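Peer 1: Have a look at this prediction, sequence included:
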Amino acid sequence: MGEENKDENQDRGNWDNKADYLLSCIGYAVGLGNVWRFPYLAFENGGGAFLIPYIIMLVFAGLPIFFMEVALGQFSSLGPTSVWKFNPMFKGVGICMVVLSAFVGIYYNVIIAYTVFYFFSSLTSNLPWETCDNWWNNQTTCRTSFELVCNLNFTGVGLNAPAASYIDSNQAQFRGSGPVYQQVPKEYATNVSVMLGQQNGSSYGCSSFFALRGTSASEEYWNKYALRLADDIYPSSNGPVNSHLALSLIVAWIVVFYSLIKGIKSSGKVVYFTALFPYVVLLILLIRGATLEGAYDGVQYYIGSQSDLSKLQDAEVWKAAATQIFFSLSAAWGGLIALSSYNKFKNNCFYDAVLVCTVNCGTSLFAGFAIFTVVGHMAHRLGRPVNEVVQSGFGLAFVAYPEAIAQLPVSPLWAILFFLMLFTLGLDSQFTILETVSTAITDSFPRQFRSRRWQLMLMLSVVMFLLGLVCVTNTGLYWVNLIDHYAAGWGLLFVAVMELFGVCYIYGGNRFIEDIEMMIGKKNWWFWLYWRACWFFISPLLLTAILVWSLATFDTKSIGGYEYPEFATVIGWLIIATAIIFVPIFGIVAIVKNKGSVFKASSPASDWGPYLKEHRGVRYANMDEPEEALAIAEERNQHESEKGKGNPVYAHDNGETEQTKM
């Protein structure tokens, strides 16, 4: 390996080059939510007008937290739990990050498994969700197009013999029990009107027709075939593990494991494909979508003429923008700290933060055009407005968009590209989620796991796979939504507020700025004015307001349109409690260790500072050698002793090790 690629930190390792790190960060931040959540949020909350609160929230909430986390990780070369040496009393916040990430990692790979299943299902000449002629379809309700219907009320209307006979012989079309019939197709309602000698059906409640469709072929494929979705979450409805989804989950975990088997050294190379390929597919989908009839209408509903500036007066729109930008950037999960901890000390993390945040938001906007041009074409083919066919989340990714793709020429090709794109989008995020958990473990137990990375990764993969099996039963989607609702909800906002408070008001915002300047160089007062304003005032107040609002509007019962029973709600609260409980526990432990002194418990540890002595300068010249470095040196010592060489190994000034000269 060339000198330029030599690891600066021999204990921990570094990214081989800057591109590895940037693509990993972009891949982590740019996830499934950019494709299936942002476009729908923009459409639902004022279209182009939504970009105004979205950008404001990026500037004052997203970017400040992002920069803070990458700076913390790079400065200390430590993961999300050990980095809290700067404030030991708040170490529980770091553990909370890791626990929440672990919960998300369990169900996130299940979502990736869905994309694996759909990818392989697309390797056919005709997509299985194109028609209603399959064994899983309900022939009574499944429709591939909208039809005009009306409701008929024959109360007080005398039916002649031909009309009564016609209704009796077509009972499947006359739903209900006489004299009231619901959603009668136009053809049958018109025939009855003719038999009754009426020009129209206004005298019996059918003055006009309205468009209606039962369930689409793609919706039934998703619910009845892919998920085998039960009616409720009760254990009695679980059924066996669905083998097709379990096999897809195995494939997803195998890909994740082998991509992370050497940590950042292997994942840093995989991201060249997984982070860049989605942009290629989005561009292809956008070009194809722009050539379709109805594409213009889709864009108009997205951020065009259908934009509604009056929505800016609705506080819910601002909350939606703040929540989306915060979660989209993957802040407060611990992943950004973990990724940046492998940077070289003098890396310009300020530039990285601005670049990744800009790319992330640009991707969301770009993905919206790729999605809405194709959805606009589907609406055109169905003869309905865009707002009647577009959906969010799972509905967009596995129902609405697949249905739109099915109407394109050579539809399997587009389906293969789309689901492969979703697969790679999800993988990047899953890589960092697992890297976050493994980094926290190796930092806490360096002697046991630093040299056993692949064994640790295998253990994590197997355990999380087994825990995820409940999500591939017939009740699996309910569990996915439940874990997502609690693990990826307001708990992250709580972590972010605690993080800001711990850094700016306890450790000291100005001291933190001096730490950053040791890495990126001295900056003038004007440069730090914006960051001080955000870190000390704007971001904490903004995120606290959103946290309070989120708690006030937090629905513990209804998630995704399903009313969860009491036992499921209890499990949900246990999920969030399992993570947050570490905050007070470690706070109390730190105070007890310092004999009741809150001041000492919240003061930096004696080994807090740059990992390598060559970077400590005057400010950290007297800090102790990091306990992680000492533990690694001791482990190497033991290893050498077991080999019979008998030459002790000591922590070196530059983070390497050396044997004593005999």
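Peer 2: Nice, I can see it.
Peer 1: Assess the claim that residue 77 and residue 607 are in contact.
Peer 2: No: if you go by CB atoms under 8 Å, residue 77 and residue 607 don't touch, sitting 12.0 Å apart. Glycine gets a C-beta too; all of them are placed from N, C-alpha and C.
Peer 1: if you count what's nearby, which of the two comes out ahead?
Peer 2: Set side by side, residue 77 and residue 607 show more neighbours around residue 77, with 29 against 17, by other CB atoms under 10 Å.
Peer 1: all helices for the stretch 251-400 of the chain, in order.
Peer 2: For the stretch 251-400 of the chain, the helices defined by DSSP state H, counting those that start in this stretch occupy 264-274, 277-290, 295-303, 315-328, 335-340, 349-382, 394-395.
Peer 1: Which of these sits closest to residue 92?
Peer 2: With CB to CB, the closest approach to residue 92 among these belongs to helix 335-340: 15.0 Å.
Peer 1: Run through the stretch 501-650 of the chain and note the low-pLDDT ranges.
Peer 2: Confidence mapping of the stretch 501-650 of the chain against pLDDT under 70 gives the ranges 643-650.
Peer 1: Tell me which stretches of it form strands.
Peer 2: 558-559, 562-563, 649-651 (DSSP state E, counting those that start in this stretch).
Peer 1: In terms of secondary structure, what does the host helix or strand of residue 493 contact?
Peer 2: Element membership for residue 493 (DSSP states H and E) is helix 490-501. In terms of contacts (3 or more CB pairs under 8 Å, 6 or more residues apart in numbering; DSSP states H and E), helix 490-501 is packed against helix 63-76, helix 91-121, helix 315-328, helix 539-552, helix 566-580.
Peer 1: I'd like to know which of those is closest to residue 459.
Peer 2: helix 91-121 (12.7 Å).
Peer 1: After the closest one, which helix or strand is next?
Peer 2: Next in line after helix 91-121, if elements are assigned by DSSP H and E, sits strand 147-153.
Peer 1: and the next helix or strand after that following strand, which residues are buried?
Peer 2: Per DSSP H and E, strand 147-153 leads on to helix 161-169 as the next helix or strand towards the C-terminus. Counting neighbours by 16 or more other CB atoms under 10 Å, one finds that the buried residues in helix 161-169 are 163, 166-167.
Peer 1: before we move on, what about stretch 514-521?
Peer 2: Buried residues in stretch 514-521 (16+ other CB under 10 Å): 515-516, 518-519.
Peer 1: So in this structure, where's the weakest helix or strand by average pLDDT?
Peer 2: strand 657-659 (a mean of 41; mean pLDDT, DSSP states H and E).
Peer 1: Show the contacting residues for residue 127.
Peer 2: 121, 402, 405-406, 411-412, 415 (CB atoms under 8 Å, 6 or more residues apart in numbering).
Peer 1: Give me the pLDDT for it.
Peer 2: On pLDDT, residue 127 comes in at 96.
Peer 1: one step back: out of the buried residues of stretch 514-521, who's nearest residue 364?
Peer 2: residue 516 (27.6 Å).
Peer 1: burial of the closest residue in space to the closest one that isn't next to it in sequence, as a residue count?
Peer 2: Spatial nearest neighbour of residue 516, excluding adjacent residues (CB to CB, 6 or more residues apart in numbering): residue 71 at 5.1 Å. Using other CB under 10 Å, residue 71 is surrounded by 24 other residues.
Peer 1: How about the one 3 residues further on?
Peer 2: Applying other CB under 10 Å, we find 28 residues neighbouring residue 74.
Peer 1: Residue 343 versus that one, what's the distance?
Peer 2: With distances taken as CB to CB, to the nearest Å, residue 74 is found 4 Å from residue 343.
Peer 1: got the contact list for residue 254?
Peer 2: Per CB under 8 Å, 6+ apart, neighbours of residue 254: none.
Peer 1: What's the separation between it and residue 181?
Peer 2: Residue 254 is 54 Å from residue 181, by CB to CB.
Peer 1: got it, and residue 203?
Peer 2: Taken as CB to CB, the span from residue 203 to residue 181 is 15 Å.
Peer 1: Which one's more surrounded, those two?
Peer 2: Shown here are residue 203 and residue 181; by other CB under 10 Å, residue 181 has more neighbours (24 against 15).
Peer 1: what's the burial count for residue 617?
Peer 2: 11.
Peer 1: One more: residue 67?
Peer 2: Applying other CB under 10 Å, I find that residue 67 has 23 neighbouring residues.
Peer 1: For it, which residues are in contact?
Peer 2: Applying CB under 8 Å, 6+ apart, the residues near residue 67 are 349-350, 353-354, 531.
Peer 1: I'd say residue 482 and residue 570 touch.
Peer 2: No: Residue 482 is beyond contact range of residue 570, at 10.9 Å (criterion: CB under 8 Å).
Peer 1: Show me which of those two is the more surrounded one.
Peer 2: residue 482 (23 against 12).
Peer 1: hang on, isn't residue 398 packed against residue 226?
Peer 2: Yes: assessed by CB under 8 Å, residue 398 is found in contact with residue 226 at 7.3 Å.
Peer 1: higher neighbour count, the two?
Peer 2: residue 398 (27 against 22).
Peer 1: For that one, which non-adjacent residue is spatially closest?
Peer 2: In space, residue 398 is closest to residue 222, 4.8 Å off (CB to CB, 6+ apart).
Peer 1: Quickly note the distance from that neighbour to residue 419.
Peer 2: Residue 222 is 13 Å from residue 419, by CB to CB.
Peer 1: Also residue 207?
Peer 2: 45 Å.
Peer 1: likewise residue 204?
Peer 2: Residue 204 is 48 Å from residue 419, by CB to CB.
Peer 1: Then residue 360?
Peer 2: Distance from residue 360 to residue 419, by CB to CB: 22 Å.
Peer 1: give the contact list for residue 578.
Peer 2: Taking CB under 8 Å, 6+ apart as the test, what residue 578 contacts is residue 99.
Peer 1: shouldn't residue 39 be in contact with residue 376?
Peer 2: No: with contact defined as CB under 8 Å, residue 39 does not count as touching residue 376 (11.7 Å).
Peer 1: what is in contact with the two at once?
Peer 2: By CB under 8 Å, 6+ apart, no residue touches both residue 39 and residue 376.
Peer 1: end-to-end on stretch 216-226?
Peer 2: 14 Å (CA to CA, to the nearest Å).
Peer 1: And the contacts of it?
Peer 2: Residues contacting stretch 216-226 (CB under 8 Å, 6+ apart): 114, 117-118, 121, 128-132, 134, 136-138, 142-144, 229, 244-245, 394, 398-400, 402-403, 406.
Peer 1: Noted, bye for now.
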